[in-house]
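>>> Make a model of this:
(2 chains)
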Amino acid sequence: MNSSVSMTTGGGAAVAENKVPLWRRRKAMANYIALLPYLAFALFPFYIIFITSLKSKQEINNLGKSPFWTRGIEWENFTFLWTDTVFFEHWMINTFIVTTVSTIISVSIGILAAYALARLRFKGVEAFGVAVFITYLVPQTLLFLPLVDVINFIDDFIPIRDTYWSLILTYPTFLIPFVTWLLMGYFRTIPFEVEECAYLDGCTRLGALFRVVLPMAIPGIICAILFSYTLSWNEFLYSLVFIQDEHAKTVSVGVFTELIRGDIYFWGSLMAACMLGTVPIVILYGFLMDYYTSGLTQGAIK
Amino acid sequence: MAEIRLQDLWKRYGADVMAVRGINLDIEHNEFVALVGPSGCGKTTTLRMIAGLEDITGGQIQVGDRVVNDVPPRDRDIAMVFQNYALYPHMSVYGNMSFGLRLRKTDKAEIDRRVMSAAEILNIGELLERRPGQLSGGQRQRVAMGRAIVRDPQVFLFDEPLSNLDAKLRVQMRTEIKKIHQRVKTTVVYVTHDQVEAMTLADRIVVMNHGVIEQVGSPDEMYNNPQTRFVASFIGSPAMNFIDCGIEQTGAGLAIRLSDQVALGVPTDRTDRYAPYVGKDMIFGIRPEHLTEHRPHAEETTQDLQIQVEVLEPMGMDTMVFFDIDGTEVCGRSEPRSVSDVGEAMTLSVNMDRMHLIDPSTDMVV
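Okay, the predicted model is just below:
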């Protein structure tokens, strides 16, 4: 009796493994089809950038050729960036320094601010939280005007204008409110009892923040780092306003000002620079995505 | 020595929410005290004030011979087990249990010894390398207790530690907690809304309601001699029956008049106690277990009560018999083979020696 039951079960499982029901396959296919328009919109610009960066100048300028594919792979656009611009030796390095330092500053200050706003109960805490958000809403196109004045003022004492220090100083003005707002929401999801338990175990408030709350907030912090990094890396306006020296420029402005001369567009090199400019961000996302998606608070409470 | 003394303890939230209203309580060294009461009665707030997680509005808390009003939680030498376990999810079970000791810079070998000893008591030796996310609810509960035990604190606080477990595991863990307290003798304050937990675990029970202590006493006292209607209704499961009644003079004795047809004689030893209430509207309280099937050789104070069965709830060992007295639903507890069918008449025995008389104007048991 028993053996017949197990045989039936085994047979059923084998059938299920070998043959996915038609309705399931249709459903999966429908899901993929629904994603196609999104993929087309998201990836098409990258495709054009990629394909154009590999074309020769002649092929780009030949209007008889299709812009959607290439006849061969040419590296001249990349070598042009290496030999005729300071893309690698200055723009990339400047962008890397500015982005890394301003992200470190912003995330560090943002963590403390967000923790205070999420956890401490003091008069005006809610108004303060809203004020942080409103600060983030002030458009950069308005904010840069007073900031020019601030940079000029500081420049009287310490020469920072036309150096990347002016960017390291000004980027946190929009990064800190953003990081604070993002982490405030995250800290609120961390069960307070775990922190209270740390107090009873012997932690001070700062001790509990560093030993218990921050390790649990890693996905939120990773998210803040990723977004800060991307925002800084792509920043254009402050960089354009505060930096004129070619050697002090960041990628976003360097590419725009040095590869478009008057009405001449160095399309191939522009596209090659855009390609290379996105690589560090892609690598960063690749490394941090696992941490970002993992649920680190699992198991803390019921 | 770690007695806890609460003197005139107050807690106010905002301008007008009074969570705790001037309670006084002495908890002896190594005593297991359970704070029970309905949601919002102030029991958890009281516990959190003892832990130092909540500021006190007024009064004094003393742990051992030290007033701890302004002592931060980390310096109170108190361990607490939270309702939702509150484990550190990024640390292993060993890391969770040793965290407090590491912060106190305890010697590594000593940490090892204490963690192993607690793990053995709690039977979690093989889980030490796992993360909380890989444990079941019952295992997490054990780890949370282990974390408290290894610190060897002056006082253990439990905040409804079993309420997240399923019914079977809850009963099992209840026994475990009792065993642990017998092994690791420490002062324990245990908050629960489950009176069965309080009755089975505690040396003394404190029943709270609306921020004040209604009664303090041993489980036996709470069950047999409740002082207020609230305590009488809260302790015991199923709950005590309350029936509006009058007190009548019958010759030399007194009788409880439950309806036009039903009057029950008051035991003679209570006549003097109830005499001042003759002619007044009172409430008659009797537990279902003292309203049983007719027993021919019952005690003298037992009286018969004719009822008509409305609902039966078989519980296996007993059957709950529901019936009506003058518009009030009453529950009795009968041996299953003695119950009549629904709609039929049945004779129950009322053990009048176990009755309670409550003055509705004060809600006090007289």
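>>> Quick check: which ranges of chain A have low pLDDT?
Applying pLDDT under 70 to chain A flags the ranges A:1-18, A:292-302.
>>> which stretches of it form strands?
Taking DSSP state E to define them, one finds strands in chain A at A:260-261, A:264-265.
>>> all helices for the stretch 51-200 of chain A, in order.
Under the criterion DSSP state H, counting those that start in this stretch, the stretch 51-200 of chain A contains helices at A:57-61, A:76-84, A:93-119, A:125-137, A:140-157, A:165-170, A:172-189, A:192-201.
>>> Tabulate these in JSON lines, adding columns for mean neighbour count and distance to chain B.
No exception for glycine: its C-beta is placed from N, CA and C like everyone else's. Below are the helices of the stretch 51-200 of chain A laid out as JSON lines (neighbours: other C-beta atoms under 10 Å in any protein chain shown; distance: least, C-beta to the nearest C-beta, whole Å):
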{"stretch": "helix A:57-61", "mean neighbour count": "14", "distance to chain B": "52"}
{"stretch": "helix A:76-84", "mean neighbour count": "16", "distance to chain B": "44"}
{"stretch": "helix A:93-119", "mean neighbour count": "20", "distance to chain B": "13"}
{"stretch": "helix A:125-137", "mean neighbour count": "13", "distance to chain B": "15"}
{"stretch": "helix A:140-157", "mean neighbour count": "13", "distance to chain B": "37"}
{"stretch": "helix A:165-170", "mean neighbour count": "23", "distance to chain B": "32"}
{"stretch": "helix A:172-189", "mean neighbour count": "21", "distance to chain B": "13"}
{"stretch": "helix A:192-201", "mean neighbour count": "23", "distance to chain B": "4"}
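>>> Quick one: those helices as CSV, columns for distance to B:Ala144 too.
Formatted as CSV, the helices of the stretch 51-200 of chain A follow (distance: least, C-beta to C-beta, whole Å):
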stretch, distance to B:Ala144
helix A:57-61, 67
helix A:76-84, 59
helix A:93-119, 22
helix A:125-137, 31
helix A:140-157, 49
helix A:165-170, 46
helix A:172-189, 21
helix A:192-201, 9
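>>> Now stretch B:139-153: average pLDDT?
Averaging pLDDT along stretch B:139-153 gives 92.
>>> For the stretch 101-250 of chain B, what lies in contact range of chain A?
When proximity is defined by C-beta under 8 Å from any C-beta of the partner chain, the stretch 101-250 of chain B lies next to chain A at B:103-104, B:131-135, B:137, B:140, B:147, B:151, B:164.
>>> Between those residues, identify the one with the most neighbours.
B:Arg147 (29 neighbours; other C-beta atoms under 10 Å in any protein chain shown).
>>> buried stuff in the strand or helix carrying it?
Element membership for B:Arg147 (DSSP states H and E) is helix B:137-150. For helix B:137-150, a neighbour-count test (16 or more other C-beta atoms under 10 Å in any protein chain shown) marks B:138-150 as buried.
>>> Please list all residues in contact with B:Met91.
B:99, B:131 (C-beta atoms under 8 Å, 6 or more residues apart in numbering or on different chains).
>>> Tell me the secondary structure at it.
Three-state assignment for B:Met91 (DSSP: H, G, I helix; E, B strand; the rest coil): coil.
>>> same check, this time on the one 5 residues further on
The three-state label for B:Asn96, taken from three-state DSSP, comes out as helix.
>>> What count of nearby residues applies to it?
Using other C-beta under 10 Å, B:Asn96 has 27 neighbouring residues.
>>> Likewise for the one 3 residues further on?
A count of neighbours around B:Phe99, defined by other C-beta under 10 Å, yields 24.
>>> Spatially nearest residue to it, not counting backbone neighbours?
Leaving aside its chain neighbours, B:Phe99 sits nearest to A:Asp201 (5.3 Å; criterion: C-beta to C-beta, 6 or more residues apart in numbering or on different chains).
>>> Then B:Lys185?
Excluding the flanking residues, the one nearest B:Lys185 by C-beta to C-beta, 6+ apart is B:Asn30, at 4.8 Å.
>>> tell me the SS of that neighbour?
coil.
>>> So for B:Pro153, what's the nearest residue that isn't a sequence neighbour?
Nearest residue to B:Pro153, sequence neighbours excluded (C-beta to C-beta, 6+ apart): B:Ala79, at 4.2 Å.
>>> The one you found contacts A:Cys197, correct?
No. In this structure B:Ala79 lies outside contact range of A:Cys197 using C-beta atoms under 8 Å: 9.2 Å.
>>> Please identify every residue contacting each of these two.
With C-beta under 8 Å, 6+ apart as the test, B:Ala79 and A:Cys197 both reach B:Arg147.
>>> Contact partners for the nearest residue to A:Tyr199 once chain neighbours are set aside?
Leaving aside its sequence neighbours, A:Tyr199 sits nearest to B:Pro73 (C-beta to C-beta, 6+ apart; 4.3 Å). Neighbouring residues of B:Pro73 by C-beta under 8 Å, 6+ apart: A:196, A:199-200, B:51-53.
>>> Surely B:Ser349 is in a helix?
No. B:Ser349 is assigned strand when assessed by three-state DSSP, not a helix.
>>> could you list every residue that touches it?
Residues in contact with B:Ser349 (C-beta under 8 Å, 6+ apart) are B:291-295, B:298, B:302-305.
>>> cool, A:Ala198 as well?
A:207-208, A:211-212, B:88, B:99.
>>> what's the burial count for B:Asn24?
Residues lying near B:Asn24 (other C-beta under 10 Å) number 12.
>>> Same question for B:Gly59.
Burial of B:Gly59 is recorded as 17 neighbouring residues (other C-beta under 10 Å).
>>> What pLDDT does the model give B:Gln60?
96.
>>> Now do the phi/psi pair for the residue in the stretch 1-150 of chain A positioned nearest to chain B.
Per C-beta to the nearest C-beta, A:Arg121 is where the stretch 1-150 of chain A lies closest to chain B, at 10.7 Å. For A:Arg121, the backbone dihedrals (degrees, to the nearest 10) come out as phi -110, psi 100.
>>> Can you list the residue ranges for helices in chain B?
Here chain B has its helices, by DSSP state H, at B:43-51, B:93-103, B:108-122, B:137-150, B:167-183, B:195-201, B:219-224, B:229-234, B:271-274.
>>> With respect to A:Ile105, which of the ones you listed lies nearest?
Nearest to A:Ile105 among the helices of chain B is helix B:93-103; the distance by C-beta to C-beta comes to 29.7 Å.
>>> got the buried residues for the closest one?
For helix B:93-103, burial by neighbour count (16+ other C-beta under 10 Å) applies to B:93-101, B:103.
>>> Buried subset of the contacts of A:Ala198 as a ChimeraX selection?
Under the burial definition 16+ other C-beta under 10 Å, those of the contacts of A:Ala198 that qualify are selected in ChimeraX by:
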select /A:208,211,212 /B:88,99
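>>> Need the max-distance pair from the contacts of A:Ala198.
Within those, A:Gly207 and B:Tyr88 form the most distant pair, 12.8 Å apart (C-beta to C-beta).
>>> before we move on, back to that, just the pLDDT at the residue nearest to B:Pro153, thanks.
Looking at B:Ala79, its pLDDT stands at 94.
>>> Tell me who's in contact with it.
Going by C-beta under 8 Å, 6+ apart, B:Ala79 touches A:200, B:100, B:147-149, B:151, B:153, B:155-157.
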